[in-house]
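> Got a predicted structure here, sequence first:
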Amino acid sequence: MNKKNESELLQLIKDGDTHAFRQVYDAYGKKLFYFSRSMNLDAENSEEIVQETFMSQNFSIRKFKH
C-alpha cells in the first residue's frame, strides 16, 4: 500500500466507508499483531492491542487532516 492509497483510504474511512476500514485492517492488522508478539506479549494481549488500536483509530479518524 503506497502513501496515495493510504490517504485515499483514510479519506474514505473519514466519510464512513467500512470497506476502506477493512482494507486498512487487512493491510496492517497482522503486522501489528506480530509486532506485539515480538514484544513477548501473548496472543490474547496482542489481539487486544490490535483491536484497541483500530477502535481508537476509527474514532479519531474524523480529526485526521492530510
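Sure thing, it's come through.
> The worst-scoring helix or strand of the chain on mean pLDDT: how far from the chain's middle?
None of the helices or strands of the chain scores lower by mean pLDDT, DSSP states H and E than helix 3-14, at a mean of 86. Here the centre of helix 3-14 is set off from its chain's centre by 12 Å, with C-alpha atoms, centre = their mean, to the nearest Å.
> same for that helix, what does it pack against?
If contacts are counted by 3 or more C-beta pairs under 8 Å, 6 or more residues apart in numbering; DSSP states H and E, helix 3-14 sits against helix 18-38. Where C-beta positions appear, they are placed from N, C-alpha and C, glycine not excepted.
> what element comes up after the helix it packs on heading to the C-terminus?
Going down the chain from helix 18-38, the next helix or strand is helix 43-60, by DSSP states H and E.
> Next, the angle helix 3-14 makes with that next one.
Here helix 43-60 points in a direction 80 degrees away from that of helix 3-14 (axes from the mean of the first three to the mean of the last three C-alpha atoms, to 10 degrees).
> who touches helix 43-60?
If you take C-beta atoms under 8 Å, 6 or more residues apart in numbering as the criterion, helix 43-60 is touched by 13, 21, 25, 29, 32-34, 36-37, 41.
> can you put the residues you listed in a markdown table and add distance to Ser7 and neighbour count?
Output for those, formatted as a markdown table (distance: C-beta to C-beta, whole Å; neighbours: other C-beta atoms under 10 Å):
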| residue | distance to Ser7 | neighbour count |
| --- | --- | --- |
| Ile13 | 11 | 21 |
| Phe21 | 15 | 18 |
| Tyr25 | 17 | 17 |
| Gly29 | 19 | 16 |
| Leu32 | 20 | 17 |
| Phe33 | 24 | 18 |
| Tyr34 | 25 | 11 |
| Ser36 | 26 | 19 |
| Arg37 | 29 | 15 |
| Leu41 | 30 | 15 |
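> what's the closest of those residues to Ile61?
Ile13 (5.2 Å; C-beta to C-beta).
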